[in-house]
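>>> Here is a sequence with its predicted model. Questions after.
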Amino acid sequence: MKALSTARGVAELEIRDLPLPEPGAGEVRVRVRASALNPADQKVLGGEFAGNILHGKQRPLVAGYDFAGTVEAVGPGADLAKGDEVFGFLAYGRATRRGAFAEAVVAPSVTLARRPATLSPGDACALATAGATALQALRDIGRVKPGQRVLVVGASGGVGSLAVGVAKKLGADVTGLCSATAVEFVRSLGADSVIVRGQADPLRGGSSYDVVFDPACAYSFGAVRHMLRPGGAYIPTLPSPGLFLAMGLAPLLGKRVAFLTVRSRRTDLEQLAAWAADGLRIPIDSTFPVRDVGKALARLARGGMKGRVVIEVEGGF
């Protein structure tokens, strides 16, 4: 199979012919049609410390977590069938040996959902990790209930742009924090109000929230704790020494702090797909063929994102 891989780093990304992976017990092999770019791919391909934790680092390295495609081989005990159109994402950890910037990928069948015809492969990929991150953070950790107030930091970014819509589907009143150039975009996603970053202190004032979701990890608990209602939760997506200290301090203040380790769950992917059919927007910032992942990474690094970066794998080599 063809795969975009590297032996050292981003500068040496090239298309290689690699052995076709075989599914083991409970696994399926998927012929990949599309993928999507995540900040984790930057860390993995850039050789960052976190990247060594997020990927098994088999050489040559093939990055990519999100994927949509067609099941073409089924291992013993897998509960999908050859020909099923599916989508999902690979585990963020060393169990992932080879990624989705390739013509085929192997994954446990229980982590994948059947892709409805109403959802294109690119949209399904854009929805997978980012949508699951938003859903699991807001529903499971934030325990968002109808009528509660949610602040989404980085509301125009890959995860944040989906988090606005997910929070609305959960019944929340949503405020998005974004740059001045993204205000109308964030409003179009369904945000009830918008805070503009860069105008004095965006967190100053008396507004209070039940959940502050910070997928970009732009702020600390100390910076937002005055905005949290009693029992309110601050949720970033990455651990840090300061965050662990905050997790110990927060209960003493009657508040909660927890970071999210996202998991690909079939029921969550099905819920997100159903919401997409019922109006949940899946914002796409840009699309690149897989051979141009280097350019896609440069787009991600520039910032100012309005949604996800989709990678076309089928026909993209």
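On my side now, so go ahead. Residues are numbered from 1 along each chain as shown.
>>> G242: neighbour count?
For G242, the neighbour count with other CB atoms under 10 Å is 11. C-beta coordinates here come from the backbone N, C-alpha and C atoms, glycine included.
>>> How about residues contacting the helix or strand hosting it?
Assigned by DSSP states H and E, G242 belongs to helix 241-249. Helix 241-249 has contacts (CB atoms under 8 Å, 6 or more residues apart in numbering) with 220-222, 234, 236, 257-259.
>>> So which of the residues you listed sit within helices?
221-222 (DSSP state H).
>>> ok, so of the contacts of helix 241-249, who is nearest I141?
Minimum distance to I141 across the contacts of helix 241-249 is 5.0 Å, recorded for A258 (CB to CB).
>>> what sits against the residue lying closest to the closest one once chain neighbours are set aside?
Leaving aside its chain neighbours, A258 sits nearest to I141 (5.0 Å; criterion: CB to CB, 6 or more residues apart in numbering). Going by CB under 8 Å, 6+ apart, I141 touches 233, 235, 258, 260.
>>> Can you lay out those as TSV showing pLDDT?
Formatted as TSV, the contacts of I141 follow (pLDDT from 0 to 100):
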residue	pLDDT
A233	97
I235	97
A258	94
L260	90
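>>> Under a three-state scheme, what state does V28 occupy?
When classified by DSSP: H, G, I helix; E, B strand; the rest coil, V28 comes out as strand.
>>> shouldn't it be in contact with S109?
Yes - under the criterion of CB atoms under 8 Å, V28 makes contact with S109 at 4.9 Å.
>>> Need the residues touching each of those two.
74-75, 78, 80.
>>> related to what we said a few turns ago, more neighbours: which of V28 and S109?
Neighbour count, other CB under 10 Å: between V28 and S109, V28 has more, with 26 against 22.
>>> For that one, list the residues it contacts.
Neighbouring residues of V28 by CB under 8 Å, 6+ apart: 71, 73-75, 78, 80, 86, 106-107, 109, 112.
>>> Considering only helices and strands, which part of the protein has the lowest mean pLDDT?
When each helix and strand of the chain is scored by mean pLDDT, DSSP states H and E, helix 49-54 comes last, with a mean of 73.
>>> in the next helix or strand after that helix, what counts as buried?
Using DSSP H and E, the helix or strand that follows helix 49-54 in sequence is strand 66-74. Neighbour-count burial for strand 66-74 flags 66-71, 73-74 (criterion: 16 or more other CB atoms under 10 Å).
>>> farthest pair in those residues?
By the measure CB to CB, D66 and V74 form the most distant pair in the buried residues of strand 66-74, at 21.3 Å.
>>> distance of the closest residue to G47 other than its chain neighbours from G64?
Distances taken as CB to CB, 6+ apart place G9 nearest to G47, at 5.6 Å, with adjacent residues excluded. In this structure, G9 and G64 are 15 Å apart, going by CB to CB, to the nearest Å.
>>> Give me the more crowded residue out of the two.
Taking other CB under 10 Å, G9 and G64 do not tie; G64 has more neighbours (31 against 12).
>>> who's in contact with the more buried one?
35, 41, 90, 99-102, 105, 311.
>>> Specify the local secondary structure of the residue nearest the centre of the chain.
The residue lying closest to the centre of the chain (CA atoms, centre = their mean) is A130, at 2.6 Å. At A130 the chain is in helix, as set by three-state DSSP.
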